[in-house]
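Novice: I'd like to go over a predicted model; first the sequence, then the structure.
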Amino acid sequence: MERERLGSRLGFILLSAGCAIGIGNVWKFPYMVGQNGGGAFVLLYLFFLAVMGIPVMTIEFSLGRASRKSPVRIYHALAPKGSKWHIHGYVAMAGNYILMMFYTSVAGWMVQYFLKTAQGRFDGLTAEQVSEAYQQICADPVGMVAFTSLVVVLGFFICSFSLQKGLERVTKYMMIALLAIMVVLAIHSFTMDGAKEGLSFYLKPDLEKMREVGVGNVILGAMNQAFFTLSLGMGGMAIFGSYIDKKHSLMGESVHVAVLDTFVALVSGLIIFPACFTYHVEVGAGPSLIFETLPNVFNHMPMGNLWGALFFVFMTFAALSTVLGVFENILSCCMDLFRWSRKKACLVNCVLLLILSLPCALGFNLLSGVHPLGGGSNFLDLEDFLVSNIVLPVGSLIFLLFVVSKRGWGWKNFVAEANAGQGLKVKSWMRGYMTYVLPFLFLAIFLIGLISYFK
């Protein structure tokens, strides 16, 4: 069966960026900035994105393009015979399933919030009542399962068409709409009374706040955010690499994707902080910022329903772009493994993920008495922990070791593939950095992540 190809370079960049751009860019980035010294955190984040994210993304693109396979089959095509590298292919495939077991529920929240905001359901509510509305959404098992199922069915329906007519076409329009909506929302935020204070807080480094939090903690937070924002380590980028030609070098393409991903994260702050300062909202409010704080902000804003609905459309598109990208990864793995047609792979996986997503959707209500990690934890916490603290850092480390090791694919093969075509090239001096420095950074993220989680 001949491998499908993407129709254009723009499609490839928008698809890759869409997979990377997720709720973490909008949900996590602003409150991390709020808690860790404003502009100082932003600068550190950009630094680590360049020195950690771009090299590993280049590796993933190279593995995909060289093998023309899905992550589950990459090592079969490129690894030396008799080696055990291919075990990671199955772990990467499992990681994609685990991510979608909870991410589909979070995407379902976004759809619910869009509908509720557009209908004016938050009008006239106090801050406490907005918070209660969020609790009610979580406590309703029928609503949680219904909106999670909507995301799963819609995602596989789009992916069931050919690569170019389904995934590429829809993601292109969705990403262009997402970027346009963001710019409109940011311009609107600049007109708010608290815009000056908000932008000053966001873009001006606060060294006092850094000292208060601890410089080491701020650096670690920036490193974590830069690493996790690109969702590397599960083959998410490798799959899109397998669909492109050799006209452009892959480090240049990685930079384009990272720039788009960063643009979304940075502009999210431009949207959120002026609103927070205008309506005297706690900027470091944590994960509740999106679901409890912002609806309250829109509630007090002139034409709040319109701006709130636009914001949650943007959030829904950010979530769906990731869902579609990961679904494509899952489908490609199944098509490679079992020789299924695209339609059959969609049907089987749609049913499978409808079942696998139930523990997370029901973990806030019917299964709220189950605490997989102890304390007040739920299934979302467990699934997020497995992906964020184990699959992503360990997977990135394995991809990295595979290309720098003589017992793996080897540096020469990697450079030859990455540098094929026009654009930014991998330089020879990077070999020492990627062989001796980068593995320790990933190992540190993995170990510190585990220690801090269980602390």
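Specialist: Nice, thanks for sending it over.
Novice: CA atoms for contacts and neighbours, from now on please.
Specialist: Will do.
Novice: per-residue confidence at residue 287?
Specialist: The confidence metric pLDDT takes the value 61 at residue 287.
Novice: What separation do you get for residue 369 and residue 387?
Specialist: Counting by CA to CA, to the nearest Å, the gap between residue 369 and residue 387 amounts to 23 Å.
Novice: out of those two, which sits in the more crowded spot?
Specialist: A count of neighbours by other CA atoms under 10 Å puts residue 387 above the other of residue 369 and residue 387, at 24 against 12.
Novice: What ranges does the stretch 351-455 of the chain have for its helices?
Specialist: 358-362, 379-385, 392-404, 411-418, 430-432, 438-454 (DSSP state H, counting those that start in this stretch).
Novice: To residue 289, which of these lies closest?
Specialist: Residue 289 lies closest to helix 379-385 among the helices of the stretch 351-455 of the chain, at 17.9 Å (CA to CA).
Novice: Tell me the buried residues in the closest one?
Specialist: 379, 380, 381, 382, 383, 384, 385 (16 or more other CA atoms under 10 Å).
Novice: Make CSV from those and add distance to residue 91 and pLDDT to it.
Specialist: Compiled in CSV, the buried residues of helix 379-385 are given as follows (distance: CA to CA, whole Å; pLDDT from 0 to 100):
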residue, distance to residue 91, pLDDT
379, 20, 96
380, 19, 93
381, 19, 91
382, 17, 94
383, 14, 95
384, 15, 90
385, 15, 90
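Novice: which regions of the stretch 151-300 of the chain lie under the pLDDT threshold?
Specialist: Filtered on pLDDT under 70, the stretch 151-300 of the chain yields the residue ranges 283-288.
Novice: So which bits of stretch 196-206 are buried?
Specialist: When neighbours are counted by 16+ other CA under 10 Å, the buried residues of stretch 196-206 are found to be 196, 198, 199, 200, 201, 202, 203, 204, 205, 206.
Novice: residues in contact with that stretch?
Specialist: In this structure, residues lying in contact with stretch 196-206 by CA atoms under 8 Å, 6 or more residues apart in numbering are 33-34, 37-42, 190, 269-270, 273-277.
Novice: now do stretch 90-101
Specialist: Contacts of stretch 90-101 with the rest of the structure, by CA under 8 Å, 6+ apart, involve 71-72, 233-235, 323, 326-327, 329-330, 333, 353, 356-358, 360, 383-384, 386-387, 391, 395.
Novice: and the end-to-end length of stretch 133-151?
Specialist: Across stretch 133-151, the straight-line distance between its terminal residues is 21 Å, by CA to CA.
Novice: Can you name the residues in contact with that stretch?
Specialist: Among residues not part of stretch 133-151, those counted as contacts by CA under 8 Å, 6+ apart are 104-109, 111-112, 291-292, 320, 354, 357-358, 361-362, 364-366.
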